[in-house]
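Q: Generate a structure from the sequence data that follows.
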Amino acid sequence: MTSQTVAPSVPKGSFSKDFFASIVVFLVAVPLCLGIAIASGLPPTAGIITGIIGGLIVGSISGSPLTVSGPAAGLVVIVADIVAEYGIAIYGMIVLLAGLVQVLAGVFKLGVWFRAISPAVIHGMLGGIGVLIIGSQFHIMLDRDPLSNGIKNLMDIPNALIETFEVHGGNIYAASIGLLTITSIVLWTKYAPTKLKLIPGALIGVVLSVIVANLFNFDIKYLTDLFDGPTNLQNILGTIVTPTLGIAQSSMTGGVIVAVLSLAFIASAESLLSCAAVDQMHQGARTKYDKELMAQGIGNTICGFLSALPMTGVIVRSSANVEAGATSRASTIMHGLWLLLFISVFLFTLEYIPVATLAAVLVYTGYKLAYPKVAKQLLVYGKPELAIYIITIITIVSFNLLAGVITGLALSIAKLLYVFAHVSIKAEHQAANKTILHLKGSATLLGIPKLVAVLDKLETGRDIHVQFEHLEYIDHACIELLNGWQKQYELTGGKVTIEWDSLISKYHSKEDAAIQGS
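A: As a prediction, the model looks like this:
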C-alpha cells in the first residue's frame, strides 16, 4: 500500500476571517502606535514603523500565532526616560542590545522563567505605568507640556484644569477634543450595537474628534506640528538614526547596560504574559515561549537599528484579533501590511489629527491599566499580595519604573522566604492532662528556635499529641528535632503521639523513609 502525504486541512473561510480581523487590528493599532510614540518623545511614525515590523516580521516567526506585536503603553515610561537621558542615537543602540538580550534568553530557554514573576508585581507595574501615563498625557491632552516627573504631573492636574477653563488661559479647544474622544470611547464601548462592537472605540473617538476639530478649524496642535519639515515618506525616512560602531563604543556605560537589561526584562515579561492571556482566549495552538522570546528579540533588534519604538506582544490588539475571529498568523501579518500602506500612501492624514485626541486615547488606556479592579482579586490570595501590588505602584510613581519593579520582586522574594521560614506552634491544653500541639506554616530549620521554645515550656508528664493538618512543609531538621524531643520527653514520664501517618499521606515526600524509620 503506497503511503500518501496529506496536506493539513484549512478551515473553510479562514482567509476571510483573518482578512477581516487584520482590518480590525489595523484600526486599533493606528491611534495607539501614533499616541505611544508621541508619549515616548519620538516622532509619531516611529510607532507605525514598530507596528509594521511587529506585523510583517515578528508575526511571521512568533511562537504565539494570534498574538499581535507592536508599541506598548507599558514601555512608554522607560522609553521616554531613555530618550531624555541619552538622546535618540544611543536610545537606538539600547533597544538593539535589548533585542539581542531577548534573543539570547530565548536561545538559552529562559522564556518560561519570565512567567514565574509574581502577578502582584506585574499588575503593580502596569498600574504604576497607567498612573504615570495619565499624569503626563493629561497635560498633552490640554496642549500643555508635561512636567519633569510623575508626582509633579499628577499634582499639577488641578492647576492645569483651572488654567484651561480660565478666560484667555489654556487651550479650551484641545480640552474639548480630549473630552470628546474619551466620552466617545466610553459610550461606544458600553452602548455600541452588538454587530458593530468589533469597531474599536478608540477609532470612533479619533474619527469624531478629527471631524469636529477640522470642521470648526480649532486652533490646536496637530500631528504635523511635531515634525520638522513636510510629512512625506522621504522626510520620515530622513529622521531614522541608525547606530554606528562609534556610537556603540561610546555608549557602553553602566547606565546604558542597566537600561538595556531593564528594557529587555520588562518587554519580555509583558510579551509573555500577553501570550499567556491570549492562550486563554482561544482553543488553537499554544504559545512556544522561547520561540516567542526570540521573535520579540529579533523585532526589537531591527527596531533599535531604525530608532523606532521597542515592541512587545500587546494584549489590547491581540484580544481584538481573537475576538474578530482570527484563525492564524495571517491576520497579524496583514495588519502590518496595512500599516505599511498607511505610512507610504496615507501619511497626509496626519495633518488632520489633533495631538489632543491621541493623548486622550492614552489617558483612557492609562485609566484601564491603573483601574484597581485587580486589588480585589489579589486580596483573595492574602494581604501580602495586595501590599506588594500597592507598594510597587507607589514606588514606580514616586521614583521610576525600574525601582518599582525591583522593589516588587524583592518583596515577593521576602514573602517567599517568610512563608518558608514561618511556622506557628499553638499549644491547646485540654482536660485529663492532655495537650495538642498544632503546627501551621512551614517547619524548616529557620523555625527550629521557635519550635524548641514551645517544646521546652511544656510541663512534664502530660499526654502530648502533635498534629500536622495545617502544616505546609516540614524539613529533615525539624523531623529529627521532634524525634529526639519525643524520646527525651517520654523519659520524663510523659507520652507523645506524633501523627506521622497524616503527614505521609498528605505529602508523599522523600522524608517518608526517615519518618517511618523513626
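Q: May I ask you to name the longest strand in the protein?
A: Counting residues, the longest strand in the chain under DSSP state E turns out to be strand 463-474.
Q: Is Asp219 in a helix, a strand, or coil?
A: For Asp219, the assignment made with DSSP: H, G, I helix; E, B strand; the rest coil gives coil.
Q: how many neighbours does it have?
A: Neighbourhood size, Asp219 [other CB atoms under 10 Å]: 10. Yep, even glycine has a C-beta here, placed from its N, CA and C like the rest.
Q: That one is in contact with Ser176, isn't it?
A: No - applying CB atoms under 8 Å, one finds Asp219 not in contact with Ser176, separated by 11.9 Å.
Q: re earlier: go ahead and name everything in contact with the longest strand of the chain.
A: If you take CB atoms under 8 Å, 6 or more residues apart in numbering as the criterion, strand 463-474 is touched by 419-420, 423, 432-444, 458, 482, 489, 494-499, 502-503, 506-507, 511.
Q: Now which of those residues would you call buried?
A: With burial judged by 16 or more other CB atoms under 10 Å, the buried subset of these is 420, 423, 435, 437-444, 458, 482, 489, 494, 496, 498, 503, 507, 511.
Q: For the closest residue to Val260 other than its chain neighbours, pull up the helix or strand it's in.
A: In space, and not counting its chain neighbours, Val260 is closest to Leu97: 4.5 Å by CB to CB, 6 or more residues apart in numbering. Under the criterion DSSP states H and E, the helix or strand holding Leu97 is helix 76-107.
Q: what's that helix packed up against?
A: If you count contacts as 3 or more CB pairs under 8 Å, 6 or more residues apart in numbering; DSSP states H and E, helix 76-107 packs onto helix 14-39, helix 119-141, helix 245-250, helix 254-279, helix 289-305, helix 401-421.
Q: Which of the residues in the fourth one are classified as buried?
A: Going by neighbour count (16+ other CB under 10 Å), the buried part of helix 254-279 is 256, 259-260, 262-276, 278-279.
Q: quick check: domain ranges of this protein?
A: 16-383, 422-517 (automatic domain parsing).
Q: ok, the residue nearest to Asp219 when sequence neighbours are not counted to Ile479 distance?
A: Leaving aside its sequence neighbours, Asp219 sits nearest to Tyr173 (CB to CB, 6+ apart; 6.4 Å). Applying CB to CB, to the nearest Å, the value for Tyr173 to Ile479 is 75 Å.
Q: likewise Ala264?
A: Taken as CB to CB, the span from Ala264 to Ile479 is 43 Å.
Q: can you check Thr45 too?
A: Distance of Thr45 to Ile479, computed by CB to CB: 65 Å.
Q: quick one: which of these two has more around it?
A: A count of neighbours by other CB under 10 Å puts Thr45 above the other of Thr45 and Ile479, at 28 against 19.
Q: wait, is the more buried one part of a strand?
A: No - assessed with three-state DSSP, Thr45 is helix; it does not lie in a strand.
Q: to the chain's geometric centre, what's the distance from the helix or strand where Leu481 lies?
A: Leu481 is part of helix 476-491, with elements assigned from DSSP H and E. In terms of CA atoms, centre = their mean, to the nearest Å, the centre of helix 476-491 is set 48 Å apart from its chain centre.
Q: can you check stretch 124-136 too?
A: Centroid separation between stretch 124-136 and its chain, computed with CA atoms, centre = their mean, is 11 Å.
Q: which residues are contacting it?
A: Here stretch 124-136 makes contact (CB under 8 Å, 6+ apart) with 39, 73-74, 76-77, 80, 146, 150, 153-154, 157, 266, 269, 362-363, 365-372, 374, 388-397, 401, 404-405, 408.
Q: Just the terminal-to-terminal distance for stretch 491-501.
A: End-to-end distance for stretch 491-501: 23 Å, by CA to CA, to the nearest Å.
Q: Outside of that stretch itself, list whatever touches it.
A: By CB under 8 Å, 6+ apart, stretch 491-501 touches 460-468, 482, 485-486, 489-490, 515-516, 518.
Q: mind running it again at 7 Å?
A: Contact with stretch 491-501 is made by 460-468, 482, 486, 489-490, 515, as judged by CB atoms under 7 Å, 6 or more residues apart in numbering.
Q: Stretch 42-54 now?
A: By CB under 7 Å, 6+ apart, the list of residues contacting stretch 42-54 from outside reads 29, 33-34, 36-38, 68-71, 83, 223, 226-227, 236, 239, 299, 302-303, 306, 308-309, 311, 336, 339-340, 342-343, 350.
Q: OK, contacts around Ala39?
A: Neighbouring residues of Ala39 by CB under 7 Å, 6+ apart: 76, 80, 133, 136-137, 362.
Q: For those residues, work out which two are farthest apart.
A: For the contacts of Ala39, the farthest-apart pair by CB to CB is Ala80 and Leu362; their separation is 12.1 Å.
Q: Go ahead and confirm Cys33 touches Gly70.
A: Yes - using CB atoms under 7 Å, Cys33 is in contact with Gly70, at 6.3 Å.
Q: More neighbours: those two, which one.
A: Higher neighbour count among Cys33 and Gly70: Gly70, with 33 against 29, using other CB under 10 Å.
Q: any idea how far Leu142 is from that one?
A: With CB to CB as the criterion, Gly70 and Leu142 are 27 Å apart.
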